[in-house]
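Trainee: Predicted model and sequence follow; I will ask about them next.
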Amino acid sequence: MCFYEHLRFTCGDWKWGNFREHCNREYRIGETCGMKLVYTTAEVRNKCKLCDKVDTKLRKREVELARINRWQQEGRYPASVEKSQESIKILENEIRSLYAEIAHRRQAIGNQNGSSRSYA
Ligand SMILES: [Zn+2]
């Protein structure tokens, strides 16, 4: 087991940071053994990249929805409504696959009890 920095994001997700120290066993071999242990935990003051992407897409989706609402209230149906609806559909698909990726990653991390091999 070798020691790494541990970066925790505000969304609760985390990732491994830089390598810090070999464990006793591997020190002799001069390689990292692939088993990661926490050296220090650093709080990162933003969300992880995936959650960040979700937020951006959710915001874009809301902008599109607001535009459609506004047109509806004005009783208009410009050609851009369809374009907006299409963008919303694409955004929702992207959001769904990002959520799946986040869930998958959290599950993978949760299964290793903090001290075994990491794919993060
Ligand atoms: Zn996250």
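Mentor: Good, I have the coordinates.

Trainee: helix or strand right after the helix or strand of the chain with the lowest mean pLDDT?
Mentor: In the chain, no helix or strand scores lower on mean pLDDT, DSSP states H and E than helix 24-29, which sits at a mean of 61. With elements assigned by DSSP states H and E, the helix or strand that comes after helix 24-29 is strand 36-43.

Trainee: Okay, now the sheet partners of that next one, with direction.
Mentor: strand 2-8 (parallel) (DSSP bridges).

Trainee: The strand it pairs with and the ion in contact?
Mentor: No: using Cβ under 5 Å from the ion, strand 2-8 never reaches the ion; the gap is at least 10.0 Å. Where you see a C-beta, it was placed from the backbone N, CA and C, and this is true even at glycine.

Trainee: quick one: contacts of that strand?
Mentor: Here strand 2-8 makes contact (Cβ atoms under 8 Å, 6 or more residues apart in numbering) with 14-23, 26, 32-44.

Trainee: From the contact counts, what lies against whatever helix or strand Thr56 lives in?
Mentor: Using DSSP H and E, Thr56 maps to helix 49-73. Judged by 3 or more Cβ pairs under 8 Å, 6 or more residues apart in numbering; DSSP states H and E, the packing partners of helix 49-73 are helix 80-110.

Trainee: how about the helix it packs on: buried residues?
Mentor: For helix 80-110, burial by neighbour count (16 or more other Cβ atoms under 10 Å) applies to Ser84, Ser87, Ile88, Leu91, Glu94, Ile95, Leu98, Ile102, Arg105, Ile109.

Trainee: how about those, which pair is most distant?
Mentor: Ser84 and Ile109 (36.9 Å; Cβ to Cβ).

Trainee: Tell me the predicted confidence for Cys2.
Mentor: Predicted confidence (pLDDT) for Cys2: 83.

Trainee: Please name the bridge partners of it.
Mentor: On the basis of DSSP bridges, Cys2 is bridged to Lys36.

Trainee: Any figure for the gap between it and Tyr39?
Mentor: Taking Cβ to Cβ, to the nearest Å as the measure, Cys2 falls 9 Å from Tyr39.

Trainee: any chance of the buried residues of helix 80-110 in a markdown table, plus distance to Asn69 and pLDDT?
Mentor: A markdown table is the format used below for the buried residues of helix 80-110 (distance: Cβ to Cβ, whole Å; pLDDT from 0 to 100):
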| residue | distance to Asn69 | pLDDT |
| --- | --- | --- |
| Ser84 | 10 | 96 |
| Ser87 | 14 | 97 |
| Ile88 | 12 | 98 |
| Leu91 | 16 | 98 |
| Glu94 | 21 | 98 |
| Ile95 | 19 | 98 |
| Leu98 | 25 | 97 |
| Ile102 | 29 | 95 |
| Arg105 | 34 | 88 |
| Ile109 | 39 | 69 |
